[in-house]
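J.: quick one, structure for this:
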Amino acid sequence: MLDTIVRFFQEGGPFMYPIAVVLALGLAIAVERFVYLSGVRRRNRIAFERGILPLLQKRDYQRAMKAASNSNSAIAAIMGAGIGRLLSNSRREDIEYAMEEGLMEVLPRLEKRTQYLATLANIATLLGLLGTIIGLIAAFTAVAAADPSQKASLLSGSISVAMNTTAFGLMSAIPLLMFHAVLQTRTNEIVDSFEMAGVKLLNIISDPGAPAASGAVPPRAANPEPRPSLA
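T.: Model prediction:
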């Protein structure tokens with residue numbers, strides 16, 4: 001099988017090498033992003049479920065803020081922004097805005113380099129097609145000067161070799177597109193967990209029947225007057 005793969009690669013022509021470089025680069029990005037997102041999800045789960053959420057349920061906002069400040073997870077940064085506004089006696093809308101701002105700061109790090117996979121998949125496909133077209137041009141040029149009795153066999157062999165480039169381009173593009181879809185789905189799941197955590201915080205501070213912890217500062221009621229538009 002190894003000999004078949006090596007022969008297939010050698011018969012594809014010079015465009016097989018840039019396609020291989022594109023595939024290697026895409027695989028490196030996919031592995032790095034998968035490891036990073038897995039670490040983010042694990043740290044978020046530990047920081048929120050074992051650290052911040054139990055303190056929020058006890059209405060111990062001071063310790064929850066301290067737990068968020070001591071954690072290096074992304075969800076701790078978002079929750080810390082909201083709890084900080086809560087401790088400063090801000091309105092519910094201000095708490096929401098603070099968490100949205102924290103999410104906007106975290107989101108680019110989650111989506112970093114993921115979009116490159118789709119671009120690299122397109123590049124691999126186009127390189128394969130380009131290699132095939134150039135190979136066909138060279139094949140027809142060589143057949144034009146060949147003996148008439150050998151033209152059919154020579155042309156079929158040249159076309160078969162030229163098609164190897166397209167095949168390798170597609171074989172490189174398909175897994176890269178799959179990795180892109182998987183990483184995009186995992187990123188969306190992490191963002192959904194951020195939104196769920198923010199909703200939990202807002203629901204906890206909005207529950208009027210829950211006992212408040214010592215030193216906790218309830219958020220002020222929303223201002224009934226309309227806020228001035230920035231437009």
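
J.: count of neighbours near Arg109?
T.: 10 (other CB atoms under 10 Å). C-beta coordinates here come from the backbone N, C-alpha and C atoms, glycine included.

J.: from Asp94, how far out is it?
T.: 24 Å (CB to CB, to the nearest Å).

J.: any idea where the helices of this structure begin and end?
T.: 2-11, 16-47, 53-57, 61-70, 74-87, 92-111, 115-144, 151-206 (DSSP state H).

J.: any idea which of those is most buried?
T.: Scoring those by mean neighbour count under mean count of other CB atoms under 10 Å gives helix 74-87 as the most buried, with a mean of 24.

J.: now stretch 207-222: mean pLDDT?
T.: Average pLDDT, stretch 207-222: 49.

J.: please disregard the earlier target; I meant stretch 99-109.
T.: 90.

J.: shaky segments in the chain?
T.: 1-2, 145-154, 156-158, 208-231 (pLDDT under 70).

J.: run the last query once more with 50
T.: Along the chain, the parts satisfying pLDDT under 50 run over 212-218, 220-231.

J.: doesn't Phe194 make contact with Leu103?
T.: Yes: with contacts counted by CB atoms under 8 Å, Leu103 reaches Phe194, the gap being 5.6 Å.

J.: hey, what's in contact with both of those two?
T.: Listed as contacting both Leu103 and Phe194 by CB atoms under 8 Å, 6 or more residues apart in numbering are Ile78.

J.: and Met99, what does it touch?
T.: 78-79, 81-82, 198, 201.

J.: out of those residues, flag the one nearest to Ala162.
T.: Using CB to CB, Ile78 is the member of the contacts of Met99 that sits closest to Ala162, with 52.9 Å.

J.: what sits closest to that closest one if chain neighbours are left out?
T.: Gly102 (3.8 Å; CB to CB, 6 or more residues apart in numbering).

J.: and that neighbour, what does it touch?
T.: 77-82.

J.: try 7 Å
T.: Applying CB atoms under 7 Å, 6 or more residues apart in numbering, we find Gly102 in contact with 77-78, 81.

J.: what's the answer for Asn164, then?
T.: 8, 11-12 are the contacts of Asn164 under CB under 7 Å, 6+ apart.
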